[in-house]
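Asker: coords please:
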Amino acid sequence: TNDALSNGSTWYDDYDIGGLQYGAPQLAQGIKEELRQSPHSVIKFSPTWTNGASYIFRFFFPDETRVQIENIQAYSDAKKPLDKTILFVVPVREYESARTNPKFSNITVERTLLYPNGQPGFFFVRLTYSPQADVLFVAEEAERRKPLNATLNINGQTTQVTYSRFDAGRIEDVFDGDLYTLARLDVDNPAVINLAFNNPQIINGITATFGAMDFVLTVKVFAPDSAEQKTFAQTYKNLPPDPTVKLNFDSTLQAQTIRIEVQQINSETPKIHIREMTLRWSTIPMKAAYFSQHGAP
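Answerer: Got it, this is the predicted structure:
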C-alpha cells in the first residue's frame with residue numbers, strides 16, 4: 001500500500017488517456033493560480049487526455065465561468081475568435097500539433113506541468129491565428145463541400161452514390177441494416193445523398209432512422225430517361241431520441257435516380273446524424289408500375 005501511494009504514479013510511463021490519465025488535481029491547482037494571476041483570461045482545458053473530463057470540470061470548477069472545456073483543435077477545425085486572452089491547457093501531443101499547424105502563430109508557453117517521471121505533461125499556452133490562416137480555412141471549406149462518390153450494393157442493386165462529406169462514419173453505415181452504425185454530417189445542411197441505379201427500380205417510400213433533431217426529409221424521384229421529378233417532403237419536430245420515420249409516396253414509382261435531402265432545423269450548429277435508410281421496394285412488376293405511372297399505350 002505504501003509503495004502504491006508513494007510510487008504508483010511512476011509504475012507506468014503512459015499518463016495519457018490510454019494509461020494512468022494523470023493530472024486532474026495538478027491541473028486544477030495550476031488553473032486556479034492562473035485565474036488569480038490573470039483576471040482577464042479565459043482558460044480552456046483540453047478533455048482529450050482523460051475519460052469523464054466534464055466530471056473533473058464540475059468537481060473543481062462548479063461555478064467558474066472563466067474555465068471552459070475546449071481544445072486548440074476546435075480553433076483549427078473552424079475559424080473562431082482567438083486572441084491572447086485565451087489560455088489553453090493541453091497535453092504535450094496537442095501542443096506539438098498546434099506548434100506545427102500553419103494556422104497558428106505567436107505561440108507562447110506560460111506554464112509547464114510535469115508528469116511524475118519528470119517529462120513535460122501539459123502546457124499552458126497562448127497563441128493567435130497566423131497571417132495565412134484565412135486562406136487555409138477557405139481552402140479547407142471548399143474541399144469539405146466537395147461531394148464524395150461510392151458504389152454500393154443496395155437491396156441487391158448496384159448503385160452509384162454521390163453524397164455530402166461525413167465527419168464521422170461511412171456511407172456504407174447508412175445502408176447496412178444496422179441501427180448501431182452511425183454517419184454524421186456537419187458540412188452541408190441539407191445533407192444530400194443521391195442514388196443512381198444501374199437498372200430502374202420500383203419504390204413506394206423510404207424509412208429512415210436519425211439522431212434526435214428537428215428536420216425536413218425530402219425525396220426527389222427521377223424516372224428513367226426523364227429530367228422531371230416527383231418530390232415528397234415532410235417536416236418532423238419534437239420526436240423522441242433516434243426516431244424512425246416513414247415518408248410515403250403518393251403512388252408506386254419507377255426510379256432511375258433518387259435524391260434524398262435531410263435538413264436540420266432550429267439549430268445554429270447543425271450536425272445531422274443518420275443511423276439507417278431503407279428504400280421500400282415494390283413487388284409490382286416493372287411494366288405494371290410503368291403503366292400505372294404513365295398510362296397504358
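Asker: can you name the next helix or strand after the longest strand anywhere in the chain?
Answerer: Of all the segments of type strand in the chain, defined by DSSP state E, the longest one is strand 244-265. Of the helices and strands lying after strand 244-265 in sequence (DSSP states H and E), the nearest is strand 272-281.
Asker: so what's the residue count around Pro102?
Answerer: Residues lying near Pro102 (other Cβ atoms under 10 Å) number 12. Every C-beta, even on glycine, is put in place using the N, C-alpha and C of the backbone.
Asker: go on, the one 4 residues further on?
Answerer: Look at Asn106: counted by other Cβ under 10 Å, it has 11 neighbours.
Asker: hey, where'd the strands end up in the stretch 151-297 of the chain?
Answerer: Using DSSP state E, counting those that start in this stretch, the strands of the stretch 151-297 of the chain run over residues 157-163, 183-185, 191-210, 214-222, 229-236, 244-265, 272-281.
Asker: and the average pLDDT for the helix or strand where Thr128 lies is what?
Answerer: Secondary structure assigned from DSSP H and E places Thr128 in strand 120-129. Per-residue pLDDT values across strand 120-129 average out to 96.
Asker: tell me the buried residues in it?
Answerer: Applying a neighbour-count criterion of 16 or more other Cβ atoms under 10 Å, the buried positions in strand 120-129 are 121-129.
Asker: of those, which pair is most distant in space?
Answerer: With Cβ to Cβ as the measure, no two of the buried residues of strand 120-129 lie farther apart than Gly121 and Tyr129, at 26.4 Å.
Asker: with just CA atoms, put stretch 33-41 into PDB.
Answerer: Extracted in PDB, the C-alpha atoms of stretch 33-41 (Å, rounded to 0.1, in the frame of the first residue of the first chain):
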ATOM      1  CA  GLU A  33      -3.300  30.000  -9.900                       C
ATOM      2  CA  GLU A  34      -3.600  31.400 -13.400                       C
ATOM      3  CA  LEU A  35      -7.100  32.600 -12.600                       C
ATOM      4  CA  ARG A  36      -5.700  34.600  -9.700                       C
ATOM      5  CA  GLN A  37      -2.800  36.000 -11.700                       C
ATOM      6  CA  SER A  38      -4.600  36.800 -14.900                       C
ATOM      7  CA  PRO A  39      -8.100  38.200 -14.000                       C
ATOM      8  CA  HIS A  40      -8.900  38.900 -17.700                       C
ATOM      9  CA  SER A  41      -8.000  35.500 -19.100                       C
END
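Asker: okay, now the closest residue to His40 other than its chain neighbours: neighbour count?
Answerer: Across the structure, with Cβ to Cβ, 6 or more residues apart in numbering as the measure, the residue nearest His40 apart from its sequence neighbours is Thr85 (5.9 Å). By the measure other Cβ under 10 Å, the count of residues near Thr85 is 12.
Asker: so how far is Ile260 from Ala53?
Answerer: Using Cβ to Cβ, to the nearest Å, we find Ala53 at a distance of 36 Å from Ile260.
Asker: ignore what I typed, I meant Thr269.
Answerer: In this structure, Thr269 and Ile260 are 22 Å apart, going by Cβ to Cβ.
Asker: biggest helix in this structure by residues?
Answerer: Taking residue count as the measure and DSSP state H as the definition, the longest helix of the chain comes out as helix 24-37.
Asker: the inter-axis angle of that helix versus strand 120-129?
Answerer: On the basis of axes from the mean of the first three to the mean of the last three Cα atoms, to 10 degrees, helix 24-37 is oriented at 40 degrees to strand 120-129.
Asker: can you list contacts of the helix or strand following helix 24-37?
Answerer: On the C-terminal side of helix 24-37, the closest following helix or strand by DSSP H and E is strand 42-45. Applying Cβ atoms under 8 Å, 6 or more residues apart in numbering, the set of residues contacting strand 42-45 from outside is 27, 31, 34-35, 53, 57, 66-71, 85-90.
Asker: restricted to helices, list these.
Answerer: Using DSSP H, 27, 31, 34-35, 53, 57 are the members of the contacts of strand 42-45 that sit in helices.
Asker: could you dump those to TSV with distance to Asp188?
Answerer: Supplementary listing: these in TSV, determined by distance: Cβ to Cβ, whole Å:
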residue	distance to Asp188
Leu27	38
Ile31	38
Glu34	40
Leu35	40
Ala53	30
Phe57	32
